[in-house]
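Novice: Okay, here's the prediction I keep looking at, along with the sequence it came from:
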Amino acid sequence: RCVFQDEALVVRSLLESAGLSCELFRDAPFDVNPMFDSGIAGFRLEVSEDELEDALALVADFKARKQAAREPGGKGGIP
């Protein structure tokens with residue numbers, strides 16, 4: 001799950017570039033007027049069960065690099 005669409009698209013691209021097929025879904029129906037949307041639903045990526053372990057490993061690595069980039073002097077885990 002991702003809160004923002006841009007992050008969901010990055011994760012989907014990461015999975016697809018590793019040869020894993022996935023589907024991207026919005027967790028709630030899109031409202032015509034987002035000003036009246038009171039909750040943040042986010043986005044959900046689904047992979048097949050046989051690719052789940054590989055997908056979780058890639059997402060965990062992505063999150064670790066993203067966190068490292070946020071730390072002072074961090075380069076996102078890039079040497």
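Specialist: Arrived safely, thanks for sending. Numbers count the residues shown, from 1 in each chain.
Novice: Identify the residues contacting stretch 12-21?
Specialist: C22, L24, L45, V47, S48, E51, D54, A55, L58, V59, F62 (C-beta atoms under 8 Å, 6 or more residues apart in numbering). C-beta coordinates here come from the backbone N, C-alpha and C atoms, glycine included.
Novice: Name the residues linked to the fourth one by a beta bridge.
Specialist: When bridges are assigned using DSSP bridges, the partners listed for V47 are C22.
Novice: wait, doesn't C2 sit right on V59?
Specialist: No - the criterion here is C-beta atoms under 8 Å, and C2 misses it with V59 at 9.6 Å.
Novice: and the lengthiest helix in the chain, what other elements does it pack with?
Specialist: Longest helix of the chain, by residue count under DSSP state H: helix 52-70. When contacts are defined as 3 or more C-beta pairs under 8 Å, 6 or more residues apart in numbering; DSSP states H and E, helix 52-70 packs onto helix 5-17.
Novice: re earlier: overlap of the contact sets of C2 and V59?
Specialist: V11.
Novice: returning to what we had before: which of the residues in the longest helix of the chain are buried?
Specialist: A55, L58, V59, F62 (16 or more other C-beta atoms under 10 Å).
Novice: distance of the first one from R26?
Specialist: A55 sits 19 Å away from R26, going by C-beta to C-beta, to the nearest Å.
Novice: distance between stretch 3-14 and the chain's centre?
Specialist: 4 Å (C-alpha atoms, centre = their mean, to the nearest Å).
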